[in-house]
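J.: quick one: sequence and predicted model below, then my questions.
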Amino acid sequence: MTPDQDGVETLAELYLNATHTRGAAELFVDDNERLSGNAVRELSLATAAWLDTVSQPGDVVAFLCRASARHAATWFGVCIADRQACTIHSRDTAPKIAEILKWLAVKVLVIDDELAPLAHEVLAHTGTSLKVLSLETGAGADLRIADLAAPVAPPALPIPDSPAAIILSSGTTGTPKGVVHTQRTLLATSRGGVYTFGPIHVHTRALLFMQPSFAAWAIIVIPVIGNGGAVVFGRHFTPERFLAACAAERITLAPLVPSMWRSVLAAGPENYKLAALELASMSGEAPRSTDINQVLERVCPRISFVYTASETFTGSAVMCDPVKMMAKGKTGFVGRPIPGAAMRVIDPEGGFSDDCATGVEGEVALSGPSLAIGYFRDPELTAKRFQNGWWRSGDVGVIDADGDLMLTGRCDNVINSGGIKIAAEEIEAALLLHEAVAQCAVVGQPDPAFGQRVEAYVVVATAMPEPTPETLAAWLRHDRQLPGFKVPKAFHFLNELPTGFTGKLYRRALLRPTSPSG
């Protein structure tokens, strides 16, 4: 049995149907709680009713908390209430998070106990008054979720085109892009999930160790619950915790980025009972042939790879069976669009209609029903990247004669480290503020564990002593308030940076070759 989708036009409707379908059966599970569909529905409706007393339709409700059953119930309560849910990256610094809250014009902040100290530091930096809802004990909050009153009447549900969620992703200036999804695009995300993750039903149990600030949270949770399944949340990933949860919870769907799968393989999956596992899903970076073979032999008999983004979600995704790709000698290819989606390769310097010929490298453009409507408060970037139902990805790729896509790089300078996107220009802009730095370039170098790692190349200012790598790293952390994952893992000092024929920085000359995938 799956939730009734006939005539459903919004995520809010589908979600309420899903909670009825689950009924007394578990819907959201974490280390502390096992919430049934009925219990989750009560929490979500109570959240929506409370939001009607403290905010207006369309307002942004921000979350600063880890993945949990209560977070999920509250997130969907925001969608029911016709507000916009946005989960903040907790790895950013307090001043940076405060800037983001002000940029989003947040009216309500939802926190948990673990991140409450960070939340209070953030609030001190905002200089504004926000309503604070606690998912747990309520320290420093206006109200605890446990104290919310049941609604006296059913909520007025949002219309299909109402903005429902903002997904934060890397921005080149340091300000993140806010990718805006509507009730309609999130509903299409649920429907697309039956292709990217295979059949989803009442016996599906997905394990999610990804924090809710990442697009992967919604990309996985929405299709699973929208098609009748349940989700188990892990708060802090280690390969041992992941494997233990797979065994104890009889997980059927396990999604991880390839770097996380490699750590799982190193932890001895043979020592855990994984017989229930039906699908190992990979995304975020192309898997190596060794990753695929090892997961097949030691973890799960079936693998899928999904190429998607914050802007596309699963209804506009490209996917493949990596085993079939390997059999055709196409390791590294990401596949074809799912039904209802489309892809093209276009001239990176041209317009949306400037298609490249088959076999010619260009910028990947994607289309489909779950495509976001644009970027929050950025009409210029929206017009540049979105047009007539298509989105320019910034990824460089080639479509072969079979219609399969292979990704070959980026048009911009985004570094993909363990599935986390990092804008090189943001780090460069910070480095150039150091008095000893005359020029710099930041690139993603090959890394066996994380795919890429951030490294910086620095030209020291004339008459200035050469700073140590430790000095620059500490300065970026403390003076420029860069979070640790954006601080370069290595600094290289050069007499000059490489340039091309036009005199512009030629980053590719700094890149080391990628080692063979095996």
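T.: Good, I have the coordinates. Small disclaimer: the values here were computed from a predicted structure and weren't measured.
J.: the lowest-mean-pLDDT helix or strand in the chain: how far from the chain's middle?
T.: Counting by mean pLDDT, DSSP states H and E, the chain has its least confident helix or strand at strand 420-423, which shows a mean of 81. Taking CA atoms, centre = their mean, to the nearest Å, one finds strand 420-423 lying 11 Å from the centre of the chain it belongs to.
J.: partners of it, with directions?
T.: When pairing is defined by DSSP bridges, strand 420-423 lines up against strand 414-417 (antiparallel).
J.: show residues contacting the strand it pairs with.
T.: Strand 414-417 has contacts (CB atoms under 8 Å, 6 or more residues apart in numbering) with 170, 284-285, 394, 421-424, 442-444, 447, 450-454, 485. Yep, even glycine has a C-beta here, placed from its N, CA and C like the rest.
J.: list only buried entries from these.
T.: Among those, those classed as buried by 16 or more other CB atoms under 10 Å are 170, 284-285, 394, 421-424, 442-444, 447, 450-454.
J.: next step: those residues restricted to helices.
T.: Those of the buried ones among the contacts of strand 414-417 mapping onto helices are Ala424, per DSSP state H.
J.: restricted to strands, list the buried ones among the contacts of strand 414-417.
T.: Using DSSP state E, the subset of those located in strands is 394, 421-423, 442-444, 447, 451-454.
J.: where are the low-confidence patches of this protein?
T.: 1, 4, 170-175, 500-504, 514-518 (pLDDT under 70).
J.: could you pick out the longest helix of it?
T.: In the chain, with assignment by DSSP H, the single longest helix is helix 37-54.
J.: now do the strands in the stretch 351-500 of the chain.
T.: Assigned by DSSP state E, counting those that start in this stretch, the stretch 351-500 of the chain shows strands spanning 362-367, 374-375, 386-387, 390-399, 405-410, 414-417, 420-423, 437-447, 451-460, 490-493.
J.: looking at those strands, which is nearest to Ala317?
T.: Closest approach to Ala317 among the strands of the stretch 351-500 of the chain (CB to CB): strand 362-367, 8.2 Å.
J.: quick one: distance of stretch 241-250 to the chain centre.
T.: Stretch 241-250 sits 23 Å away from the centroid of its parent chain (CA atoms, centre = their mean).
J.: sorry, wrong one. I was asking about stretch 239-255.
T.: With CA atoms, centre = their mean, you get 20 Å for stretch 239-255.
J.: what packs against the longest helix of the chain?
T.: In terms of contacts (3 or more CB pairs under 8 Å, 6 or more residues apart in numbering; DSSP states H and E), helix 37-54 is packed against helix 11-22, strand 26-29, helix 69-80, strand 106-111, strand 131-134.
J.: ok, and which of these has the densest surroundings?
T.: A comparison of those by mean neighbour count, using mean count of other CB atoms under 10 Å, puts helix 69-80 on top with a mean of 26.
J.: got the angle for it vs helix 11-22?
T.: In terms of direction (axes from the mean of the first three to the mean of the last three CA atoms, to 10 degrees), helix 69-80 departs from helix 11-22 by 130 degrees.
J.: for helix 69-80, packing partners?
T.: In terms of contacts (3+ CB pairs under 8 Å, 6+ apart), helix 69-80 is packed against helix 11-22, strand 26-29, strand 34-36, helix 37-54, strand 60-64, strand 84-87, strand 230-233.
J.: which other residues reach the shortest one?
T.: The one in question is strand 34-36. Residues from elsewhere that reach strand 34-36 (CB under 8 Å, 6+ apart): 22-29, 43, 69-70, 73.
J.: redo those residues as CSV? Include distance to Arg235.
T.: CSV is the format used below for the contacts of strand 34-36 (distance: CB to CB, whole Å):
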residue, distance to Arg235
Arg22, 22
Gly23, 26
Ala24, 25
Ala25, 23
Glu26, 17
Leu27, 18
Phe28, 13
Val29, 12
Leu43, 18
Ala69, 11
Arg70, 12
Ala73, 16
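J.: of those residues, closest to Gly37?
T.: Arg22 (2.7 Å).
J.: gap between that closest one and Ser259?
T.: Arg22 is 33 Å from Ser259, where distance means CB to CB, to the nearest Å.
J.: quickly note the distance from the closest residue to Ala317 other than its chain neighbours to Asp402.
T.: Among residues not flanking Ala317 along the chain, Thr308 sits closest, at 4.2 Å (CB to CB, 6 or more residues apart in numbering). Per CB to CB, Thr308 is found 21 Å from Asp402.
J.: could I get the least confident helix or strand of the chain in CSV with only the CA atoms?
T.: This file holds the C-alpha atoms of strand 420-423, laid out as CSV (Å, rounded to 0.1, in the frame of the first residue of the first chain):
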residue,chain,number,x,y,z
ILE,A,420,30.4,19.0,-0.3
LYS,A,421,30.6,21.8,-2.9
ILE,A,422,33.1,24.6,-2.0
ALA,A,423,33.6,27.7,-4.1
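J.: for stretch 406-413, buried residues please.
T.: Those would be 406-407, 410, 413, for stretch 406-413 by 16+ other CB under 10 Å.
J.: centre of the chain to it, how far?
T.: 18 Å.
J.: contacts for it?
T.: 172, 286, 307, 330, 332-334, 348, 361, 363-364, 394-398, 400, 423-425, 442-443, 507.
J.: quick check, Ala342 in contact with Pro369.
T.: No - at 10.6 Å, Ala342 and Pro369 do not qualify as touching, with contact defined as CB atoms under 8 Å.
J.: so what's the closest residue to Pro513 other than its chain neighbours bridging to?
T.: Excluding the flanking residues, the one nearest Pro513 by CB to CB, 6+ apart is Pro446, at 7.5 Å. Pro446 has the following beta-bridge partners by DSSP bridges: Gln452.
J.: so Pro446 touches Glu285, yeah?
T.: No - contact criterion CB under 8 Å: Pro446 and Glu285 do not qualify, at 11.4 Å.
J.: ok, which stretches of the stretch 201-350 of the chain are helices?
T.: 215-226, 239-248, 258-266, 289-298, 322-327 (DSSP state H, counting those that start in this stretch).
J.: the first one to helix 11-22, inter-axis angle?
T.: In terms of direction (the same axes, to 10 degrees), helix 215-226 departs from helix 11-22 by 50 degrees.
J.: hmm, Arg298 and Glu270 touching each other?
T.: Yes - counting by CB under 8 Å, Glu270 does reach Arg298; the two are 6.1 Å apart.
J.: neighbour-wise, which of the two wins?
T.: Arg298 (13 against 9; other CB atoms under 10 Å).
J.: which residues touch that one?
T.: 265, 269-270.
J.: cutoff 6 Å now
T.: If you count contacts by CB atoms under 6 Å, 6 or more residues apart in numbering, Arg298 has them with Pro269.
J.: quick one: it from Glu121, how far?
T.: Taken as CB to CB, the spacing of Arg298 relative to Glu121 amounts to 43 Å.
J.: any idea what the closest residue to Gly198 other than its chain neighbours is bridged to?
T.: Sequence neighbours aside, Leu279 is the residue nearest to Gly198 in space, at 5.6 Å (criterion: CB to CB, 6+ apart). Taking DSSP bridges, one finds Leu253 as the beta-bridge partners of Leu279.
J.: does Leu279 touch Arg302 like I think?
T.: Yes - between Leu279 and Arg302 there is a contact under CB atoms under 6 Å: 5.2 Å.
J.: quick one: which of these two has more around it?
T.: Leu279 (21 against 14).
J.: thanks a lot, catch you later.
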